[in-house]
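[1] Provided below are the primary sequence and the corresponding predicted coordinates.
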Amino acid sequence: MLCLDDGTLIATCDRRKADEGDLPHDIDVVMIRSCDNGATWSKPVTIAEGKGLGKGYGDAALVQCADGEVVCTFAGAAGFWESTEENPIRTYVCRSADRGITWSEPEDITSTLWGSQAVQSQARGYRGSFNASGNGLCLTKGRHKGRIMFVAAMRRNVVWAADNFVVYSDDNGHTWQVSERAFEGGDEAKVIELPGGRVLMSIRQNGARGYALSDDGGETWYGQGHWDEMRTNACNGEMLKVKKGKKDILLHSLPNSMQREDVTLFVSRDGGATWPESHLIMPGPSAYSSMTQLKDGSIGMFVEKLLEGKTELWWAVISE
């Protein structure tokens, strides 16, 4: 989900029609909007409609470009672990110039990112890729100001092994480049711009959460490590930078458990070096989450609540 420059909120999710399985199942990508800080929401709008087994879409991620346009990426077709160059999981991009009211037709950018035709030579030996659902990043500082990026989990040419690469664009998503490998042994990952302009990546792991850093706008990465304070279930979460007075504070949403339960906000006051503080948001079975800072300074969150036989998305607002 995103809070756009005019305060409009947009959120995307999978609509898993037959069951709750991942791709290649029949899945739509849908979007809702709010123009009143999340008090009410529009009916869902379909961005990409699945047409059956092996013809679905999922794992949408959003970013607003410096010119105000919104870019959405998502995966489609084959499943990640079954993907081959002959029958690939695909990466699509679509865009909205009117803050989510209408969307362009999906554009397939798969061959640029991985496989034998990939722009990054390191990515040519990989056999599948998808961008983590949630928020991308638009840089606001330095010589790469305006660059947009998402983090891809790319599957090596063996089963059950993936690494992270950053997929980035310097022309608002019309053409794409791929970084050097950012994290070995990764999964769904997110990036945030630190106050000094460095980019911090947080990587899904089973146990201590992984991280890496970039000083050149996400092109190269170093400092692969783990945060022992966030020892959690292997799950997707979100990072957010907010102002508290004159200080920047980092927030990170994740289950605070080795099970998918108790989604929590972890807090760092030293630029992501440590995460000593935590606040429970969704007690009980819960999993993925996304958040954004609203125009009034509060934090808006969507959290997956896991119920018997179904999953629901719950909206929460945190004021302090």
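    The structure has been received and is ready for your questions. Residues are numbered from 1 along each chain as shown.

[2] Angles on the backbone of the closest residue to Ile10 other than its chain neighbours, please.
    Distances taken as Cβ to Cβ, 6 or more residues apart in numbering place Gly100 nearest to Ile10, at 4.1 Å, with adjacent residues excluded. Backbone N, C-alpha and C define where each C-beta goes, glycine included. Backbone torsions for Gly100, taken as degrees, to the nearest 10, come to phi 90, psi 0.

[3] Same question for Ala212.
    phi -150, psi 170.

[4] returning to what we had before: the residue nearest to Ile10 and Gln205, how far apart?
    32 Å (Cβ to Cβ, to the nearest Å).

[5] From the centroid of the protein, which residue is nearest?
    Gly134 (3.2 Å; Cα atoms, centre = their mean).

[6] Output the biggest strand by length in the chain as CSV, restricted to C-alpha atoms.
    What stands out as the longest strand in the chain, according to DSSP state E, is strand 277-293. Output in CSV follows, covering the C-alpha atoms of strand 277-293 (Å, rounded to 0.1, in the frame of the first residue of the first chain):
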residue,chain,number,x,y,z
GLU,A,277,11.9,-1.9,20.8
SER,A,278,8.7,-3.7,19.6
HIS,A,279,4.9,-3.2,19.7
LEU,A,280,2.3,-5.9,19.1
ILE,A,281,-0.2,-5.0,16.4
MET,A,282,-2.1,-8.2,15.5
PRO,A,283,-2.2,-10.8,18.2
GLY,A,284,-2.7,-14.4,17.2
PRO,A,285,-2.3,-16.0,13.7
SER,A,286,-1.2,-13.3,11.3
ALA,A,287,1.4,-13.0,8.5
TYR,A,288,2.1,-10.5,5.7
SER,A,289,1.8,-6.8,6.3
SER,A,290,2.3,-3.5,4.5
MET,A,291,2.4,0.1,5.9
THR,A,292,2.7,3.7,4.9
GLN,A,293,2.7,7.1,6.6
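
[7] next structured bit after it?
    Scanning forward in sequence from strand 277-293 by DSSP states H and E, the next helix or strand is strand 299-307.

[8] And the longest strand of the chain, what's buried?
    Within strand 277-293, the residues scored as buried using 16 or more other Cβ atoms under 10 Å are 278, 281-282, 285-292.

[9] Of all pairs in these, which one is the farthest apart?
    Spatially, the most separated pair among the buried residues of strand 277-293 is Pro285 and Thr292, at 23.8 Å (Cβ to Cβ).

[10] residue ranges for the strands of the stretch 201-320 of the chain, please.
    207-214, 222-232, 238-244, 247-255, 261-268, 277-293, 299-307, 310-318 (DSSP state E, counting those that start in this stretch).

[11] list the contacts for Lys55?
    Neighbouring residues of Lys55 by Cβ atoms under 8 Å, 6 or more residues apart in numbering: 24, 26, 76-77.

[12] which element is the closest residue to Pro106 other than its chain neighbours on?
    Once flanking residues are discounted, Pro106 sits nearest to Tyr92: 3.9 Å by Cβ to Cβ, 6+ apart. Here Tyr92 is covered by strand 89-96, with elements defined by DSSP H and E.

[13] strand partners of that strand, parallel vs antiparallel please.
    Its sheet considered, strand 89-96 pairs with strand 70-77 (antiparallel), strand 107-108 (antiparallel) by DSSP bridges.

[14] For Thr311, which non-adjacent residue is spatially closest?
    Glu304 (5.5 Å).

[15] and the one you found, what are its bridge partners?
    Where Glu304 sits in a bridge, its partners, by DSSP bridges, are Leu313.
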